[in-house]
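Visitor: Whatever this is, show me its structure:
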Amino acid sequence: MQLISLFTAYLLLTTSLPAPAQTVRAVAVPVGAAPKPVPAAPRRGTGPEYGTVRRVLDADTYEVLLPAGLVRVRLPGVDAPELSQPFGKQAADSVARLLIGRVLEVERLGQDSYGRTLTSLRVGMSAGPLAGPFRRRWLRLDSLVVVRGWAWAYEPGQAVPALAGLQELAQRQRRGLWRCGAAKVVRPGIWRAFNKQEKASAWRGCAW
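Guide: Here you go, the predicted model:
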């Protein structure tokens, strides 16, 4: 079981990203005019749905175009920084670079208190030149964003979140949020409670 976990972490860490020159702002992913998002489009059929990202709102919330229409989705199991806090835009941009132009496998899990559709997402990555043009590896997006340091492992009511091991790996390797060490990192819930002076002094001198 440990070997499987290590191999999965290796795949998540080594999956290639587009070149830095292709960076796009999370608040304006250039994929054409986006229709007005539907809080929860009607489900068509059973089994997984397939779609593409149309907008990345932050590193854990996206607008995804499905056969039933545009749906605003929230990725459970993770908690990404607010766009207004340090590293928030960089984390969202990293997710946008990963998802743009790729197919998503979507499984709806319900809705949260903000009307967003909670979804399990897997992103289709190239299986390599020898596998043929239509073969993909499907990687869990929640695992990707945590192991690359773009979000915290987050599972309310659980002392140890399911993705805690991947977060520890990101912390050891100082990836993303953890670039300047765990002591510098402020969770979004704490950040929202900060006053203006506390926000101004948070993470000062630490670069992504």
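Visitor: Please count neighbours and contacts with C-alpha atoms only from this point.
Guide: Will do.
Visitor: Just to check, V73 is in contact with T61?
Guide: Yes. In this structure, V73 is within contact of T61 by C-alpha atoms under 8 Å, at 5.7 Å.
Visitor: Alpha carbons of stretch 140-149, as PDB, please.
Guide: Extracted in PDB, the C-alpha atoms of stretch 140-149 (Å, rounded to 0.1, in the frame of the first residue of the first chain):
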ATOM      1  CA  ARG A 140      -7.200  13.300  -8.900                       C
ATOM      2  CA  LEU A 141      -7.200  17.100  -8.900                       C
ATOM      3  CA  ASP A 142      -7.400  17.300  -5.100                       C
ATOM      4  CA  SER A 143      -4.200  15.300  -4.700                       C
ATOM      5  CA  LEU A 144      -2.500  17.400  -7.300                       C
ATOM      6  CA  VAL A 145      -3.200  20.800  -5.700                       C
ATOM      7  CA  VAL A 146      -2.100  19.600  -2.300                       C
ATOM      8  CA  VAL A 147       1.100  17.800  -3.300                       C
ATOM      9  CA  ARG A 148       2.200  20.800  -5.400                       C
ATOM     10  CA  GLY A 149       1.600  23.200  -2.500                       C
END
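Visitor: and that stretch, average pLDDT?
Guide: Across stretch 140-149, pLDDT averages out at 97.
Visitor: Who does the helix or strand that contains L121 pair with, and is each partner parallel or antiparallel?
Guide: Assigned by DSSP states H and E, L121 falls within strand 117-126. Its sheet considered, strand 117-126 pairs with strand 69-74 (parallel), strand 104-111 (antiparallel), strand 136-140 (antiparallel) by DSSP bridges.
Visitor: Dump the C-alpha coordinates for stretch 72-84 into CSV.
Guide: What follows is stretch 72-84, C-alpha atoms only, in CSV (Å, rounded to 0.1, in the frame of the first residue of the first chain):
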residue,chain,number,x,y,z
ARG,A,72,-19.6,26.4,-10.6
VAL,A,73,-17.9,23.7,-8.7
ARG,A,74,-15.9,23.4,-5.4
LEU,A,75,-13.2,20.8,-4.9
PRO,A,76,-13.7,19.2,-1.5
GLY,A,77,-10.8,17.9,0.6
VAL,A,78,-8.7,21.0,0.0
ASP,A,79,-8.7,24.7,1.1
ALA,A,80,-7.0,27.2,-1.2
PRO,A,81,-5.7,30.6,-0.3
GLU,A,82,-8.0,33.6,-1.0
LEU,A,83,-7.1,35.6,-4.1
SER,A,84,-6.5,38.6,-1.8
